[in-house]
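> Starting from these lines, generate the structure:
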Amino acid sequence: GLTAIVTGANSGIGYWASRHLAAQGADVVMACRNPGRCESAAVRITADLGSIGGRAHPSGSVTTMDLDTSSPASVRSFADRYTTKRPGPLDMLVLNAGIGVSPEEGDTTADGINLIFATNHVGHQLLYGLLLSQILESGEKTVSGGKVVLTSSLAHYDSPRWGVGLSKSQINDARIDHYAQSKLAQILFAQEATRRLDLMGTRASSNVFVNSFNPGVVDTNIWTETKRYLSKIRFFGWILEAGLKFWHENFMFTPEEGALTLLYLAADPSVSRDRIRGKYFHPQAVENKPHSVTRNETLQIALWDFTEDLIVESRF
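As a prediction, this is how the structure comes out:
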């Protein structure tokens, strides 16, 4: 079967992506920050697969591996362990792990990088680079090619008109919506990764499809974190929390529904057939125009280079 890695796989859309990919026969590595929760999620999926048709699924599987995308050591350790255990093509890399708010306002990593930006963006770019040779191998050896899917958000439209920070002081600036900035970075990542694949000019690189998507407003753990953050705001926090609760109960997608566009980009044959590369999608599986600043190729290149500098300077 095909191989897949899903980051942030123990809950939310990552969980449902893992479940459905495995149900279709893929061998899925669920990469999670919390080993206990990850293992529990994998046990539930394995039990669900066993109930399909009253028998174990003939080929799909889920296994777990520890991964904290905010930690350079964790990302590198994960990549080393994965390539050792599973040499060969990597068909689907789903870069989904993320946090919406920091435990404390202004939290940074040990290397001085805003925690949200590091978790949602920088760690994923590092992981992609470490696994790119195996993704290219899928592009070379399979008809469907290698797929890379990045979870962005509708919130990326709240980024500044100038786009995303290109220095530590900018990405750590308390006046910036750090979540929005990190999700804009995911879209720029997909565009620049595609440009660089094109520059390689090989059959394998032309058969790798990197795309980003907004899952919609989904009932996931990110909202639990957000409600906890809102409860700390004096005076108006309870009003905002009540409004979020109403929205949560009446308008949000379920996590399974939120995973549908992700699954389309990772597994639908039309992605490779129609050469869908470097694009941005809204639910459900509808191509859309992202923030206007994403059309700035200079910014795409600059963010990629800045992120690589962060990786090198901090051994991220």
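
> Neighbours of residue 294, how many?
Using other CB atoms under 10 Å, residue 294 has 22 neighbouring residues. For glycine as for every other residue, the C-beta is placed from the backbone atoms N, C-alpha and C.

> The nearest residue to it once chain neighbours are set aside: which element?
In space, and not counting its chain neighbours, residue 294 is closest to residue 187: 5.3 Å by CB to CB, 6 or more residues apart in numbering. Using DSSP states H and E, residue 187 falls within helix 178-200.

> how close does residue 304 sit to residue 97?
Between residue 304 and residue 97 the distance, using CB to CB, to the nearest Å, works out to 20 Å.

> Compare those two (neighbour count), which wins?
For residue 304 and residue 97, the more surrounded residue by other CB under 10 Å is residue 97, and the numbers stand at 24 against 19.

> circling back to that earlier point, for the helix holding residue 187, name the packing helices and strands.
Here helix 178-200 touches helix 115-117, helix 123-141, strand 146-151, helix 203-206, strand 208-213, helix 297-313, going by 3 or more CB pairs under 8 Å, 6 or more residues apart in numbering; DSSP states H and E.

> repeat that with 7 Å
Judged by 3 or more CB pairs under 7 Å, 6 or more residues apart in numbering; DSSP states H and E, helix 178-200 is in contact with helix 115-117, strand 146-151, strand 208-213, helix 297-313.

> what's the closest of those to residue 166?
Nearest to residue 166 among the helices and strands packed on helix 178-200 is helix 297-313 (4.7 Å), distances taken as CB to CB.

> what's the burial count for residue 11?
Other residues lying near residue 11 total 19 when counted by other CB under 10 Å.

> who's in contact with residue 146?
90-91, 135-136, 138-139, 207-208 (CB atoms under 7 Å, 6 or more residues apart in numbering).

> Looking at those, which is nearest residue 258?
Nearest member of those to residue 258, counting by CB to CB, is residue 91, at 22.0 Å.

> What sits closest to residue 190 if chain neighbours are left out?
Closest to residue 190 by CB to CB, 6+ apart is residue 212, at 4.2 Å.

> now do residue 93
Closest residue in space to residue 93, ignoring its immediate chain neighbours: residue 148 at 4.8 Å, by CB to CB, 6+ apart.
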